[in-house]
Each structure stands twice: as C-alpha cells, then as structure tokens.
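[1] I'll drop the sequence and a predicted model, then ask my questions.
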Amino acid sequence: MKVSHGIAIAGVGIILTLPVLILGLPFLSDDAAFHTAWYTHFSAQLWSGDPYPRWLSGMNGGLGSPVFFFYPPVPYFLTSILRPLFRNDPQGWCQLGISASVALIASGGFAYLWLKNHVDRASALAAAILYMAMPYHLAADLYVRASFAEYWAFVWMPLILYSSDRLHSGQMSALPGLAVGWALLIMTHLPTTLTFCVLPFCYVMFFTLRAERLKVLGLSLGALMLGIGLSAIYLVPALTTQQFVLLDRISTGYFSYENWFFFARFSLWEPDKIALALLASNMLGVASCAFLISRSGLDARLKKMNVFWYCIVVGSIFMMTQLSKPVWLLVPIIRKIQFPWRFNAVLTLATAALLALSIRSLNKRSSSWLRAMQIITGLFIAVWIPVTAWKAWSAYPQTNPNRAVIEYRTEQLEQSRDAPEYRPRWNQSMASIDWQKSVDEDLWDALMKEESETLLQRVGSSPGHPPEPMIVEGVGRAEITARKPREIDLHVEASDGVILNVPQFYYPYWKGYQSGEAAELTVTPSQPDGLISLSVPRGNHDIQLRLERGKPELIGQLISLASIAIALSLALYLGKKRVNYTRVL
C-alpha cells in the first residue's frame, strides 16, 4: 500500500468516526448497552487473569452470564488492548469508540488491498473509501444499531477475498492467511459468516481457469476447514451447549426471519422497514449505475467480474425479499441469521467492487451518457452524507435528549442487563415469557425491565451492592470471601444442615467442594430463579465453587491448538519453499 493512500484511508476513517472518537460508542443506539456491559466485564476479567472470559460473573446485577460461551470474542479481545490506557473510562465508551474507528480504517485498508488486485491504485482507493462510508456499514451498523461485532466483520470479508485472489493466482503462501481470515470472521460474527461463506467459493470458481478450478477449490475448502479448526475454541462450545440457554427463542416474534422480508407483514415495524427498503434501493441504484458505466469500458476479464458482482448484488437483494422464502425453508441454517436485511453486508461488499470497476472504466472514455450516469451515481452517494450525519447526531444524549430512552439505557447499564437469549434456561422468570410479545417493541422493553427488576429485588441486588448468599432452609450464616473469574469462595456456619442459594446463575459446569474434602457437593438450580443451590452439612465450612471447563471447551481448545500447529507448520513450509524458489531464480 502506498503511504499516501494509507494516510488517506486513515484520515477519512477518522473523519467518519469523529463522533465516536469524541463521545464514545453511541449511547442511544440499539445495542450499545449490551456491548458496553459485555466489554466492561470481558476486559476486566481478561486483565485479571482469565485468558478467555466466557462466563461474565458481574452481568445481570451480579448473577453472571454465559454470554461468551456463545458470542464471538474477537472484537472484545482486540478492544481490550486499550483498557490499561483508559483508567478513567470504566464503562469502556471511549475504548469502544476508538475500536470502532480502528475497525473502519482497517476495513478500508483491506478493501484497498483486495481491490488493487483488479483495478489501478487510485480506483481501489476511491472504492475503499466508499466502502467505509456506505450506509449499512457506517450509519446503520455504527450509529443506529451499534452492532459492534457485525461492524468488525466488515474488516475480515475483504481480507478473505484478498487472500483468495492471491491463492488462485498461484501464491500458495496465501493459504495460512486465508485460514486466519476465516477464523477471524467466524470468531467475530457468525450471521455475517453465513451470509458471506458461499461467496468466496463462487468467486474462485468464476475467475479461476477451468484446468485449475478443482485444485484451487480444494485449497480454498482446506483453508476454510483450517479456519474452522482455528476457531474451534469458540465454535465447539457455541454450537454444542445452546440447550443450556434460551437461544432457541430467537426465531420467534421480532426475531423471526419471516417477519423481516421486504414486502411481507409491512404493518410490523413500518418505519424500520421503510428505512431498510430505502437503503437497499439506494445501494441497488448505486450498483446498477456502476454496472452500466463499466459495461463497455473494461477488458474481457473485468467485464466478467462486473457481471459477477452485479449478480451478487441482485442475489443479496433477492434474499431480503419475500420471494426468497423457499430458499430459507430449504436451507434451514440460514435462518440463524435472524434478519434477512443482514445480507446488506454482502451487498455493501459487492457494490464496492462494482464502484472500483466503474471508476477504473471512467479513466478510459467519456460521453454525455456516461456523464449522466456519473451524476446519477453521485446523487445516490451524496444521500449518504446527510443520512449518516443525522443518525450520528441522533445517537447521543448531548444532541438528542430523549429522557425515556436515556433512562432505559442507564438502567440497563446499572444492572449490566444481558440480552435475554443468553439467560440460563433454569431461570423461570425469563423462560416463562412469551417471546411472541416481542413484536410489540415497547411491550417487550417493559417486560424485560420488569423481569430484571423483579429478579434483582428478589435476590437482593442493587447498583453498587451485589447480591449475597441466602440461607433458604435451616439456620446459619454464609458470606462470600473471595470472587475471581469462574471462582467463588464462601464461608458457611451452620448450626444444622442448611440449603443456601449462591448469587450466580446455575450452569452445568459449576462444581462445589468443601475445603480439604475430595467429594463434590451437590450443585443444583434453585427454584424459581435458577441460582446455584448448595446443601451444606452442620458445622463451619470453607467452600469453593468452580466453573470448570467441560468437554466442549476442552475439545475446542485441543482442536484449535492442533490447527495452530498445522497453520504454523504450513506457513513455515511454504515460506521456506518460497525462499528456495527465489534462490534458484
């Protein structure tokens, strides 16, 4: 990358993310409270010695959460690097804002590296900057939704395509990098992985010479499998322990894919659907103009590429409409992405490629028809500026003093309230809620607020005062003497045998031991709250509770370690082979 182009990408990225650099992650955005709470507890546990914080013990008012058994961790690991530099930012708003700015700049950098393989550097630079500024990428994912993980996924998609380009051009050294790219995407955002995963293989098949296709396809599949292996430390527990939480509910009500197709059930969330339809229409307009501009100004190879990317645009739009429902029924796994509009990520990537080709073709010729198309494209793109500025302006209390939303977000943060799908299934108050009611967003928010407040009152939790152990049967006293990630130490004094509830949600891997005793204590879920329940015999006892690593975690770790060894060996072998080849030349 030319230094001047790198500076341009960084400069534009800083300008586009100035609000988050100054004010932090948008406070009033849809998911900011979740990501802030997750990051705060994740980074605190990481820096206190927990190498992979899966169970966040401070979430849900101190009752804990298994969220990172299921939620991809890469953006939180990367952001946690900043934590020691921001001692005066305990909730992590500035850290998340800087991370968002870095992610935008990195997405532009990788888009530039990928696109310059096909067009001149100036065209690649312009298209990479437009990729950074596209409305779903910037306005929707950052300023409206604060979809932190999906936003980071925009970094890894062009990295995978860049490595795929190198691989099918004969550079075997790209193989480990391609595997790492897949692992990073998987461990960043699984729904984006699902919407994107077919594209690189179509890309390889479409552009590789027929005699090389099977070889390159095999290598690409091998890289994907190695990437899956590298991400197994996350993926194995995430896929095999879902029965312990309420993730099956996210196909219901507001979260059902059927309710979010374009032209279907328009009466539900009409303003959101209008906004999404306008966004998709804008991107289709930009992509169509770029496609038409490039039709007669490119060589045969680039014309083929132009057709390919326009097909991806049309396919992405199709997957967001009611017409695609048979595909969703035939391929059940794609229902896991929840919202069809998540195909906007692929649409954004494809439109960037089309813009790069159209900008390159403009250098070759000019006509009144082309100038008209350029003006139309420019008008489509110009709309992004006021829309993004308005969304950024509306995302902060300083410029949008909406008291109701501010109070709701503040209460979420004070309670470290988790997304409901990650609540352990033994908690009856959440498990009993009818998730079909989520079609009414105001009612759903009220239900979540009421459930959380009632639960925390019942267990004695309040802001700044985490809950204490509670004797529910027998006479005695219990106190927590130490808390560490995945560890709770208690001292119990019982004049007779007692049953006590420990203020952490029950999970199958919690084990209880008496100090100096080899035998385990029986750990069960309490009724109705699903907390850790212990039966303790008469006397004074020091008890250790440990969230041990179960088989899914251990299997995932072993697979990832083996995959790291394979990837390093492959990188060393290919690097040595390349050096020997260079010496021969």
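    Arrived safely, thanks for sending.
[2] Please count neighbours and contacts with C-alpha atoms only from this point.
    Will do.
[3] for the chain, what spans make up the strands?
    Residue ranges of the strands in the chain, as given by DSSP state E, are 470-473, 476-484, 487-494, 498-505, 510-514, 520-521, 523-525, 531-536, 539-547.
[4] between the ones you listed, which gets nearest to residue 200?
    Smallest distance to residue 200 across those (Cα to Cα): 39.4 Å, for strand 539-547.
[5] I'd say residue 424 and residue 247 touch.
    No - applying Cα atoms under 8 Å, one finds residue 424 not in contact with residue 247, separated by 9.6 Å.
[6] So which of the strands of the chain has the densest surroundings on average?
    Mean neighbours per residue, mean count of other Cα atoms under 10 Å, is largest over the strands of the chain for strand 498-505, with a mean of 24.
[7] Residues contacting that strand, please?
    57, 62-65, 424, 427, 459, 467-476, 525-526, 529-538 (Cα atoms under 8 Å, 6 or more residues apart in numbering).
[8] let's see it at 7 Å
    63-64, 467-476, 526, 530-537 (Cα atoms under 7 Å, 6 or more residues apart in numbering).
[9] where's it relative to the chain centroid, distance-wise?
    Between the mean C-alpha location of strand 498-505 and the chain-wide mean there is a distance of 33 Å, by Cα atoms, centre = their mean, to the nearest Å.
[10] Starting from that strand, tell me which strands it pairs with and how they run.
    Strand 498-505 has its sheet partners listed here by DSSP bridges as strand 470-473 (antiparallel), strand 531-536 (antiparallel).
[11] Could I get the pLDDT score of residue 113?
    Residue 113 is assigned a predicted lDDT (pLDDT) of 96.
[12] Could you list the buried residues of stretch 307-323?
    Within stretch 307-323, the residues scored as buried using 16 or more other Cα atoms under 10 Å are 308-310, 312-313, 316-322.
[13] do stretch 84-96 as well
    Here stretch 84-96 shows 91-96 as buried, counting by 16+ other Cα under 10 Å.
[14] and the residue nearest to residue 487 when sequence neighbours are not counted, bridged to which residues?
    Among residues not flanking residue 487 along the chain, residue 546 sits closest, at 4.8 Å (Cα to Cα, 6 or more residues apart in numbering). Under the criterion DSSP bridges, residue 546 forms beta bridges with residue 487, residue 511.
[15] quick one, what contacts residue 546?
    486-488, 510-512.
[16] which one of those sits closest to residue 147?
    Distances from residue 147 to the contacts of residue 546, taken by Cα to Cα, are shortest for residue 486, at 27.4 Å.
[17] shouldn't the closest one be in contact with residue 544?
    No - between residue 486 and residue 544 there is no contact under Cα atoms under 7 Å: 10.6 Å.
[18] sorry, back to before: looking at residue 424 and residue 247, which is more packed in?
    Legend: neighbour count by other Cα atoms under 10 Å for residue 424 and residue 247, higher for residue 424 (27 against 16).
[19] was I right about that one contacting residue 244?
    Yes - between residue 424 and residue 244 there is a contact under Cα under 7 Å: 5.8 Å.
[20] Which among the strands paired with strand 498-505 is found nearest to residue 236?
    Taking the strands paired with strand 498-505 one by one with Cα to Cα, strand 531-536 is closest: 24.9 Å.
[21] now the angle between strand 539-547 and that closest one, please.
    Here strand 531-536 points in a direction 140 degrees away from that of strand 539-547 (axes from the mean of the first three to the mean of the last three Cα atoms, to 10 degrees).
[22] Please enumerate residues in contact with strand 531-536?
    Here strand 531-536 has contacts from 497-506, 522-526, using Cα under 7 Å, 6+ apart.
[23] Tell me how many other residues crowd the residue nearest to residue 70 when sequence neighbours are not counted.
    With sequence-adjacent residues excluded and distances taken as Cα to Cα, 6+ apart, residue 70 is closest to residue 238, at 4.3 Å. Close neighbours of residue 238, defined as other Cα under 10 Å, add up to 19.
[24] and residue 61, how many residues sit next to it?
    Neighbour tally, residue 61, other Cα under 10 Å: 29.
[25] any idea how far residue 271 is from it?
    Residue 61 sits at a distance of 34 Å from residue 271 (criterion: Cα to Cα, to the nearest Å).
[26] same thing with residue 506?
    For residue 506, the distance to residue 271 equals 40 Å [Cα to Cα].
[27] And those two? Which one has more around it.
    Between residue 506 and residue 271, counted using other Cα under 10 Å, the more crowded position is residue 506 (27 against 11).
[28] Go ahead and confirm the more buried one touches residue 529.
    No - if you go by Cα under 7 Å, residue 506 and residue 529 don't touch, sitting 9.1 Å apart.
[29] Give me the residue at the spatial middle of the protein.
    Nearest to the mean C-alpha position of the chain, by Cα atoms, centre = their mean, lies residue 149 at 2.5 Å.
[30] domain assignment for this structure?
    If you go by automatic domain parsing, the domain ranges for the chain are 403-459, 470-547.
[31] Any chance of the ones you listed in a markdown table with mean pLDDT and distance to residue 375 as columns?
    Converted to a markdown table, the domains of the chain look like this (pLDDT from 0 to 100; distance: least, Cα to Cα, whole Å):
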| stretch | mean pLDDT | distance to residue 375 |
| --- | --- | --- |
| domain 403-459 | 93 | 40 |
| domain 470-547 | 91 | 58 |
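[32] what's the nearest residue to residue 253 if we skip its chain neighbours?
    residue 436 (4.3 Å).
[33] Report how many residues lie close to that neighbour.
    15.
[34] same question, the one 3 residues further on
    The criterion is other Cα under 10 Å. On that basis, residue 439 has 17 neighbouring residues.
[35] likewise residue 565?
    Burial measure for residue 565: 13 neighbouring residues, criterion other Cα under 10 Å.
[36] For it, give its distance to residue 38.
    Residue 565 sits at a distance of 31 Å from residue 38 (criterion: Cα to Cα).
[37] Ranking helices and strands of the protein by mean pLDDT, which lands last?
    When each helix and strand of the chain is scored by mean pLDDT, DSSP states H and E, helix 551-584 comes last, with a mean of 84.
[38] Could you name the helices and strands sitting against it?
    helix 174-186, helix 213-230, helix 232-240 (3 or more Cα pairs under 7 Å, 6 or more residues apart in numbering; DSSP states H and E).
[39] so which of those comes closest to residue 328?
    For the helices and strands packed on helix 551-584, the distance to residue 328 is smallest for helix 232-240, at 20.1 Å, taking Cα to Cα.
[40] For that closest one, list the C-alpha coordinates in CSV.
    Extracted in CSV, the C-alpha atoms of helix 232-240 (Å, rounded to 0.1, in the frame of the first residue of the first chain):
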residue,chain,number,x,y,z
ALA,A,232,-13.0,-24.3,17.4
ILE,A,233,-12.0,-22.9,20.8
TYR,A,234,-15.1,-20.7,20.3
LEU,A,235,-17.2,-22.7,17.9
VAL,A,236,-17.4,-26.0,19.6
PRO,A,237,-18.9,-24.7,22.9
ALA,A,238,-21.1,-22.2,21.0
LEU,A,239,-22.7,-25.0,18.8
THR,A,240,-22.9,-27.8,21.4
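[41] Quick one: mean pLDDT for that helix?
    97.
[42] tell me the contacts of the residue of the chain positioned farthest from its centre?
    What lies farthest from the middle of the chain is residue 495; by Cα atoms, centre = their mean that is 50.2 Å. Contacts for residue 495 (Cα under 7 Å, 6+ apart) come out as 475-476, 538-539.
[43] How about residue 96, nearest residue that isn't a chain neighbour?
    Of all residues not flanking residue 96 in the chain, residue 25 sits nearest, at 5.8 Å (Cα to Cα, 6+ apart).
[44] Might you calculate how far stretch 434-453 sits from the centre of the chain?
    For stretch 434-453, the distance to the chain centre is 24 Å (Cα atoms, centre = their mean).
[45] List the buried residues of that stretch.
    Across stretch 434-453, burial judged by 16+ other Cα under 10 Å covers 435, 438-439, 444, 447-449, 452-453.
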